[in-house]
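> Structure of the sequence below:
(chains A and B)
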Amino acid sequence: MDNGQGRPHNICMTFDSDILIVGGGLNGPALALALSQAGLSSTIIDAQPLPTVLEPEFDGRAYAVALGSKRLLQGLGIWDAVEGHTQPILDIVVSDGREGEGASPLYVHFDHREIEEGPFGALLEDRYLRAALLGAVAAEERITHLTEQTVVAQAAKPGGVDVTLADGSVLTGRLLVGCDGRRSGVAERAGIRRVGWDYGQTSLVCAVDHALPHNGIAHQMFLPAGPLAILPLTGNRCSIVWTETTQNAAEIMARDDAGYMAALRPRFGDFLGDIALAGGRYAYPLNLTLAQRFTGARLALVGDAAHGIHPIAGQGLNLGLRDVAALAEVLADAKRRGEDIGTKGVLDRYQSWRGFDTSVLAAATDGINHLFSNDNPLLRMVRDIGLGAVNATPALRRSFMREAAGITGDVPRLMQGKPL
Amino acid sequence: MQSTGTNTIDAGEIAKFEAMAAEWWDENGKFKPLHMLNPCRLDYITQQIAGEFGRDLTRDKPFEGLRILDIGCGGGLLCEPMARLGATVVGADAAERNIPVAQVHAEQSGLEIDYRHTTAEALVDDGEHFDVVLNMEVVEHVADPQGYTDACAALLKPGGLMVCSTINRNPKSYLMAIIGAEHVMRWLPKGTHEWQKFITPDELYGLIEKAGLRPVDRMGFVFNPITWSWSLSPRDLSVNYVTASVKPE
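Below is the predicted model:
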């Protein structure tokens, strides 16, 4: 029989890349860089254009990079490029407060000198992290970065997966990874359902300049409407994550900058002197959204696509990078065994590793927020005593600190500072 | 070396072989026990080969330049990983219908593997030689274990490595491999194994040494019903186990 007749076209297939990554934010490029260390090639399909300026103005967005994430960024070779722009978090002060009354006298003080691993992490502005990741991606020959391209269809087949772009071109890989956020099209097209809760709250995010030095101290204040996090940036600047009811938040966001700051000042207090807005303002409605599965046929979900989480503890970026490190490790190990990286047996290892981990954290952050955003005097007393008890118990305090630093549990090698 | 078998097969047959390949490679299907054991087997095989030939598994295509034979290759569950790691692979199976099935799947995976309907003894007659012979879960099925092991040894180049796994013979292995796997879990068709043909580690070492090879390592494959997965154990060789042996230079 003639070799070309009656043969499905997928026989003798070739691959554009080992892995097709949808989403060019932070997790997608970080995953591509990690995979390239294991000798795996990636194509990043990014709906956004490349940034047009190399050193964009500060736009008010910053991340609390936990110690584990810092180690990952070191492992990816991009920490050196951003380190000069980071502000280490030396201490964390957690307090319970009521507007106009200031912080409760009972609070927890986490001092980084109590754990041998050093500072909890560092604040890093989005513009520097993004530029460093994209610069490293551009320099890596195993990574192809397609910009201004959207996916319209995806289909798993024996041995691989096809992705069709809006311009009609088809890419083939062995595995498709959705790093495309909480409204993940990759998950939706695969029929992966989501469960979620809406908190009726919105986080307001901005940065402020202030008169007095912050000394590297981060503050988490639990106010009746919701938590207020004050995170130290380089110089006399802080990043603010400020949570209000969605209705209040909409009203505050509608104000001009002066009106917005008039709402922030009494909540913030005057312990850092005069404050002024630096960069833009952002509003993120708080909802928890969990994909019911993190994997499918030749498919895995990473970051918000798997679990959009309440950002109360500043863990969004860190959780996403933990997915990146875990998935990269599972795939690197599979490659070294000679396994097909897109098979169920391989992807099940990622599902069982990350599926449990994130639902625990989602439940924990959800519980903490409900406890702390209630103004009932009895609950408030329980909170004060509870916080006092944590503060008085060094072992408990140290375990909270290690959790915040992202160095507990079954930690991926890249987050332990080991090679992939 | 190329997969030429499909040239002689008509289109209707290919659809059938694709369905059979899908069955071989369905991780929840008929061959589920093999899929569950495979990562553990591959860990052992890749580490033994890397150690014997001084290869770094973190490099791309670490087995490039090695010629590997898998005897009793079935659907290609071991051949494909070896080919992916860069080896030149020959897969041999005495069951003729497995050959096109394995070929179809290798092509779907974009891999070049030389699958042949043949036996170890016939390959010796052909004058074939390999750096590595994988002899996994076969010796307990053959009629003449010593003759078969002799043939495997003859297929090795001097300095070559044979990895051989089988099932121990004791009351526990009868309970686990026959009552458990065939009757209770129905992981394997009834009659897959005959307990009398199981081989103790000392007996296997005897076969290997008599064939002129030097045993260098042995390890148990242990199933953990809590984590539902297999792992390697240096101590527990009571049911499934694996050995490595080298042909003297």
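
> Disregarding residues adjacent in the polypeptide, which is nearest to residue B:169?
Computed as Cβ to Cβ, 6 or more residues apart in numbering or on different chains, the closest residue to residue B:169 that is not its neighbour in sequence is residue B:198, at 3.6 Å. No exception for glycine: its C-beta is placed from N, CA and C like everyone else's.

> where's the closest residue to chain A within chain B, which helix or strand?
Here chain B gets closest to chain A at one residue, residue B:81, 2.7 Å apart by Cβ to the nearest Cβ. Here residue B:81 is covered by helix B:79-84, with elements defined by DSSP states H and E.

> if you average pLDDT over that helix, what comes out?
The average pLDDT within helix B:79-84 is 98.

> can you check stretch B:36-50 too?
Stretch B:36-50 shows a mean pLDDT of 96.

> One more: stretch B:126-137?
What stretch B:126-137 shows for mean pLDDT is 96.

> in which helix or strand would I find the closest residue to residue A:343 other than its chain neighbours?
Using Cβ to Cβ, 6+ apart and skipping the chain neighbours, the partner closest in space to residue A:343 is residue B:27 (6.6 Å). In this assignment (DSSP H and E), residue B:27 forms part of neither any helix nor any strand.

> can you count the residues close to residue B:27?
15 (other Cβ atoms under 10 Å in any protein chain shown).

> Assess the claim that it and residue A:347 are in contact.
No: counting by Cβ atoms under 8 Å, residue B:27 does not reach residue A:347; the two are 10.2 Å apart.

> Give me the nearest residue to the residue of chain B closest to chain A, chain neighbours excluded.
In space, residue B:81 comes closest to residue A:338 once its chain neighbours are excluded; the distance is 2.7 Å by Cβ to Cβ, 6+ apart.

> and the one you found, how many neighbours does it have?
For residue A:338, using other Cβ under 10 Å, the count is 22.

> Over to residue A:168?
With other Cβ under 10 Å as criterion, residue A:168 counts 7.

> same thing with residue A:185?
As a measure of burial, residue A:185 has 18 neighbours, counting by other Cβ under 10 Å.

> before we move on, the earlier item: which residues are in contact with the residue of chain B closest to chain A?
By Cβ atoms under 8 Å, 6 or more residues apart in numbering or on different chains, the residues touching residue B:81 are A:337-339, B:42, B:46.

> can we see that at 10 Å?
Residue B:81 is in contact with A:334-340, B:38-39, B:41-42, B:45-46, B:63, B:70, B:87, B:89, B:111, counting by Cβ atoms under 10 Å, 6 or more residues apart in numbering or on different chains.

> do the same with residue B:200
Contact partners of residue B:200, counting by Cβ under 10 Å, 6+ apart, are B:166-170, B:173, B:206, B:237, B:241.

> And for residue A:249?
Listed by Cβ under 10 Å, 6+ apart, the contact set of residue A:249 reads A:201-204, A:225-226, A:242-243, A:263, A:283-286.

> Need phi/psi at the closest residue to chain B within the stretch 201-350 of chain A.
Nearest residue of the stretch 201-350 of chain A to chain B, counting by Cβ to the nearest Cβ: residue A:338, 2.7 Å away. Torsion angles at residue A:338 (phi, psi; degrees, to the nearest 10) stand at phi 80, psi 10.

> doesn't residue B:57 make contact with it?
Yes: using Cβ atoms under 10 Å, residue A:338 makes contact with residue B:57 at a distance of 9.4 Å.

> thinking again about what came up before, go ahead and confirm the residue nearest to residue B:169 touches residue B:192.
No: with contact defined as Cβ under 10 Å, residue B:198 does not reach residue B:192; the gap is 12.0 Å.

> ok, these two, which is more surrounded?
The residue with more neighbours, out of residue B:198 and residue B:192, is residue B:198; 20 against 14, by other Cβ under 10 Å.

> Report pLDDT for the more buried one.
90.

> residues contacting the residue nearest to the spatial centre of chain A?
When chain A is reduced to its mean C-alpha position, the closest residue under Cα atoms, centre = their mean turns out to be residue A:317, at 1.6 Å. With contact taken as Cβ under 10 Å, 6+ apart, residue A:317 is in contact with A:26-27, A:30, A:62-66, A:69, A:124, A:126, A:129, A:303-304, A:311.

> how close does it sit to residue A:184?
Distance of residue A:317 to residue A:184, given as Cβ to Cβ, to the nearest Å: 17 Å.

> Residue A:65 too?
On the measure of Cβ to Cβ, residue A:65 and residue A:184 end up 24 Å apart.

> In which helix or strand does the nearest residue to residue B:136 once chain neighbours are set aside reside?
Excluding the flanking residues, the one nearest residue B:136 by Cβ to Cβ, 6+ apart is residue B:165, at 4.8 Å. Secondary structure assignment for residue B:165, by DSSP H and E: strand B:156-167.
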